[in-house]
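**Student:** One predicted model, sequence on top.
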Amino acid sequence: MAGLGRGCLIAFEGLDGLGKSTQLERLRDWLLARGYAVTAVREPGGTALGESIRTLLLTAEAEPTPMAEALLFAAARAELLARVVRPRLTAGDIVLMDRYLESSVAYQGYGAEVGPDAVMALNQIATGGLLPSLTLLFSGRGFAERPKDRIEERPPAFRDRVREGYARLADEFPHIQIVEADRPPEDVAAHIRRIVEPYLEPKGEARG
Ligand code: TYD
């Protein structure tokens with residue numbers, strides 16, 4: 001985090017349908033109520049170009065090749081980082097990201113079999129090597145029955161590879177912490193607050 005002011009980047013990760021987005025909103029509201037400056041963004045998206053890439057990726061009729069897909073996610077990420085995430089971190093915000101580069105490693109690297117090292121390498125370039133201070137990896141069986149995007153419609157074997165990819169990332173990177181999501185949302189939210197608390201500046205000193 002050198003040179004990035006006092007900001008703190010927290011990513012929410014995991015398979016679809018585990019309540020990530022809802023929990024991100026809850027954490028954002030809790031942090032705001034405690035007086036922290038918070039920016040929340042989703043991937044892909046969060047910029048004009050990023051939202052266009054999102055539409056392209058999630059609804060395109062023609063399936064892109066796995067490498068083209070990985071590059072498009074990385075392009076949306078580079079745009080979001082340059083235009084929103086880095087400036088807000090420099091300003092000292094807590095930036096909450098609904099997905100980040102771990103999604104690309106898990107979905108494109110493992111799921112679509114581009115290979116984790118290749119996907120990590122191109123994301124190193126896209127992000128300038130910025131890793132989150134903390135990634136909350138949601139784990140569980142999932143519950144949400146809802147319309148699926150093009151990537152969620154892929155077969156169970158794809159999901160299994162994604163799940164395995166996330167597990168390997170969690171073994172490899174100490175900034176990734178597992179959140180057991182098959183519990184009442186209130187319990188999940190309380191668990192997340194306990195994980196996040198050590199990463200926060202004490203309020204008295206934060207904005208004295
Ligand atoms: P998202 O909007 O987070 O979907 P959900 O709310 O259903 O979790 O993400 C959209 C889809 O894009 C999701 O299926 C995961 C996929 N995805 C990738 O395959 N690679 C990536 O790098 C990202 C950010 C998302």
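**Tutor:** Arrived safely, thanks for sending.

**Student:** any idea which helix or strand carries A11?
**Tutor:** strand 8-14 (DSSP states H and E).

**Student:** Adjacent strands (with direction) for that strand?
**Tutor:** strand 94-98 (parallel), strand 134-139 (parallel) (DSSP bridges).

**Student:** buried residues in it?
**Tutor:** Going by neighbour count (16 or more other C-beta atoms under 10 Å), the buried part of strand 8-14 is 8-14. (C-beta placed from N, C-alpha, C; glycine too.)

**Student:** and the ligand, which of the strands paired with strand 8-14 is closest to it?
**Tutor:** Smallest distance to the ligand across the strands paired with strand 8-14 (C-beta to the nearest ligand atom): 5.6 Å, for strand 94-98.

**Student:** Quick check: what element follows that closest one along the chain?
**Tutor:** Immediately after strand 94-98, counting by DSSP H and E, sits helix 101-104.

**Student:** for the helix or strand following that following helix, packing partners?
**Tutor:** Using DSSP H and E, the helix or strand that follows helix 101-104 in sequence is helix 116-127. Secondary-structure packing of helix 116-127 (3 or more C-beta pairs under 8 Å, 6 or more residues apart in numbering; DSSP states H and E): helix 66-80, helix 101-104.

**Student:** Take these and lay them out in a markdown table including distance to the ligand.
**Tutor:** As requested, these are exported to a markdown table (distance: least, C-beta to the nearest ligand atom, whole Å):
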| stretch | distance to the ligand |
| --- | --- |
| helix 66-80 | 4 |
| helix 101-104 | 4 |
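
**Student:** from the ones you listed, which stretch is densest packed?
**Tutor:** helix 101-104 (a mean of 27; mean count of other C-beta atoms under 10 Å).

**Student:** ok so, going back, compare the helices and strands packed on helix 116-127 and report which one is nearest to Q23.
**Tutor:** helix 101-104 (15.9 Å; C-beta to C-beta).

**Student:** Show me the contact partners of the closest one.
**Tutor:** 11, 13, 43, 70, 73-74, 77, 119-120, 123, 126-127, 131, 135, 137, 166, 169, 176 (C-beta atoms under 8 Å, 6 or more residues apart in numbering).

**Student:** please redo it, this time with the cut-off set to 7 Å
**Tutor:** Here helix 101-104 makes contact (C-beta atoms under 7 Å, 6 or more residues apart in numbering) with 11, 13, 43, 70, 73-74, 77, 119, 123, 127, 135, 169.

**Student:** Give me the distance from it to the chain's centre.
**Tutor:** Remark: helix 101-104 is offset 7 Å from the chain centroid, using C-alpha atoms, centre = their mean, to the nearest Å.

**Student:** now stretch 125-144
**Tutor:** 4 Å.

**Student:** tell me the pLDDT at L4?
**Tutor:** With respect to pLDDT, L4 scores 44.

**Student:** Redo the buried residues of strand 8-14 as TSV? Include distance to Y36 and pLDDT.
**Tutor:** Formatted as TSV, these follow (distance: C-beta to C-beta, whole Å; pLDDT from 0 to 100):
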residue	distance to Y36	pLDDT
C8	9	96
L9	13	98
I10	11	98
A11	17	98
F12	17	98
E13	21	98
G14	24	97
